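A.B. asks: Task: produce atomic coordinates for the following.
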Amino acid sequence: MTKPYILLLGASQDQRFIIKTAREMGLGTVVIDANPDSPGFWDADMTGVVSTRDPRAIIGFAESLNVPLKGVCVMGSDIPYIVAAIAKHFGWVSVSEETARLATHKFLMKERFRERGIPVPNYALVQSAEEVYRHWQTWQCPSVIIKPVNQAGSRGVRKIDQKADIEAAFQQADQMGEVIMEEFVPGLQISTESVITPTQSTTPGFADRVYTDTEQFWPQILENGGWIPTCLNANQQKTVCDLVENAARALGIEQGIAKGDVVICPKRGPMIIEMAARLSGGDFSETMVPKGTGVNYVKAALQIALGEDLDWNDLTPKFIKPIANRYFFAPPGNLEEIQGTEEVLRWPEIVKFDLWYQVGDVLPLITHHGARTGVFILQGQSREHLQTLIDHVYGTVKFKIDGKWQYARPS
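C.D. replies: Presented below is the predicted three-dimensional model:
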């Protein structure tokens, strides 16, 4: 029997996990990327140097192959509209093009949520700094967020605490397209990833997000990783899971993965900040959830794309082991030397350690998630134990930048 093949969009380091998972499932892998040197090509059965943003070129490439392609999937890249267009052409399983449009336009997304009774912070599409200020006065909240409607990874996102900062934040977001403003709701933020089918759903991805140590970067909003397990109790977790699964269906996600960002408002309860119709990138679905719970729902995403039935027992946590990821936030400048990595890599608690810049590189000013310096993941006995280890990593690894030794802790 000929094995089925899956078309995977993207071959960066971020996408190697889905390629490897597909091969472990016995699938043939056809992987495309515009970069001919993409590391994911090393793991693939077949490759193509094709832009993941060009559906016509992707369809043409796929039609030229003499293999039984059965579906398309993506991890990390926020391109559900590309996936939807390809799947529609071939008759494969995917979210609809309408759902993909809603999931990549933050204003339309929130309009749909409001129509379907899904709680969200106050929001408005705005065309000027003056309009931002009028809405802010009406909402009577301490702070607001200004951001472009179609960007991911915190690009163009600004938190505004005073009127004088509105103009610059609006102009920056406006350069990237339409601008949305939102009420800033203080409270614990949660990252979720849900597996959705027409008859059932579950949320195996559930982590507390960390923002408390990145306030020095305001007005930029930057996350510094997360914790598994959550600090919420079982009833609170269920409330959040019900919310994100209902939100996914409100967007029209009936077969696939829904990536949710939630804030727990002390007065109004859980509210949806955003939702994506895709697997996350980074470490959440690749490392944090599998190492913290024993669940690899990337496999479920591939099965859904192929039109296969799921074994829901595979999506039930096998254990709960404390795990945390954190990021390095080195200041900008010429990177001349790095010390401390050898010591940290000897620790048995280190699950992952990755620096995204090498000696000789110029470190950028960090204004969004993609500009952070690196990541590390630790597994420990408790959150308190992990915090001790996190502090030790930040105090051990240091960077010589423009002749000066610097640590890369965000605060």
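
A.B. asks: ok, the spatially most central residue of the chain to residue 207 distance?
C.D. replies: For the chain, the residue nearest the mean C-alpha position is residue 280 (4.0 Å; CA atoms, centre = their mean). Remark: distance between residue 280 and residue 207 (CB to CB, to the nearest Å) = 10 Å. In this view, the C-beta of every residue, glycine as well, is placed from N, C-alpha and C.

A.B. asks: tell me, what's touching these two both at once?
C.D. replies: Common contact partners of residue 280 and residue 207 (CB atoms under 8 Å, 6 or more residues apart in numbering): residue 191.

A.B. asks: circling back to that earlier point, which residues are in contact with the residue nearest to the centre of the chain?
C.D. replies: 75-76, 191, 193, 205, 259.

A.B. asks: What subset of these is buried?
C.D. replies: Those of the contacts of residue 280 that meet the buried threshold are 75-76, 191, 193, 205, 259, by 16 or more other CB atoms under 10 Å.

A.B. asks: just for the stretch 101-250 of the chain, where's the confidence low?
C.D. replies: For the stretch 101-250 of the chain, applying pLDDT under 70 flags the ranges 153-154.

A.B. asks: Mind doing that once more with 90?
C.D. replies: 148-159, 164-165, 168-178, 211-223 (pLDDT under 90).

A.B. asks: ok, back up a step: just flag the most distant two among the contacts of residue 280.
C.D. replies: Within these, two members stand farthest from each other by CB to CB: 75 and 191, at 15.2 Å.

A.B. asks: Please verify my assumption that residue 5 contacts residue 62.
C.D. replies: No. Residue 5 lies out of contact with residue 62 (CB atoms under 8 Å); the separation is 9.6 Å.

A.B. asks: Touching both of those two, which residues are there?
C.D. replies: With contacts taken as CB under 8 Å, 6+ apart, the residues that reach both residue 5 and residue 62 are 30, 69.

A.B. asks: all helices of the stretch 1-150 of the chain, in order?
C.D. replies: In the stretch 1-150 of the chain, the helices defined using DSSP state H, counting those that start in this stretch lie at 16-24, 55-63, 80-90, 97-103, 106-115, 129-139.

A.B. asks: mind putting those helices in JSON lines, distance to residue 177 and mean neighbour count included?
C.D. replies: Output for these, formatted as JSON lines (distance: least, CB to CB, whole Å; neighbours: other CB atoms under 10 Å):
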{"stretch": "helix 16-24", "distance to residue 177": "28", "mean neighbour count": "21"}
{"stretch": "helix 55-63", "distance to residue 177": "20", "mean neighbour count": "16"}
{"stretch": "helix 80-90", "distance to residue 177": "15", "mean neighbour count": "20"}
{"stretch": "helix 97-103", "distance to residue 177": "14", "mean neighbour count": "21"}
{"stretch": "helix 106-115", "distance to residue 177": "10", "mean neighbour count": "19"}
{"stretch": "helix 129-139", "distance to residue 177": "16", "mean neighbour count": "16"}
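
A.B. asks: Surely residue 100 is in contact with residue 80?
C.D. replies: Yes. Under the criterion of CB under 8 Å, residue 100 makes contact with residue 80 at 3.9 Å.

A.B. asks: Quickly list what's touching both of these two.
C.D. replies: residue 277.

A.B. asks: and stretch 290-304, how far apart are its ends?
C.D. replies: Stretch 290-304 has an end-to-end distance of 19 Å (CA to CA, to the nearest Å).

A.B. asks: Equivalent analysis for stretch 350-366, please.
C.D. replies: 25 Å.

A.B. asks: Distance from the chain centre to it, please.
C.D. replies: 19 Å (CA atoms, centre = their mean, to the nearest Å).

A.B. asks: Return the subset of the contacts of residue 280 lying in strands.
C.D. replies: Members of the contacts of residue 280 lying in strands (criterion: DSSP state E): 191, 193, 205, 259.

A.B. asks: Is it possible to get the residues you listed out as TSV so that each row also shows distance to residue 118?
C.D. replies: Listed next are those as TSV, based on distance: CB to CB, whole Å:
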residue	distance to residue 118
191	17
193	17
205	19
259	15
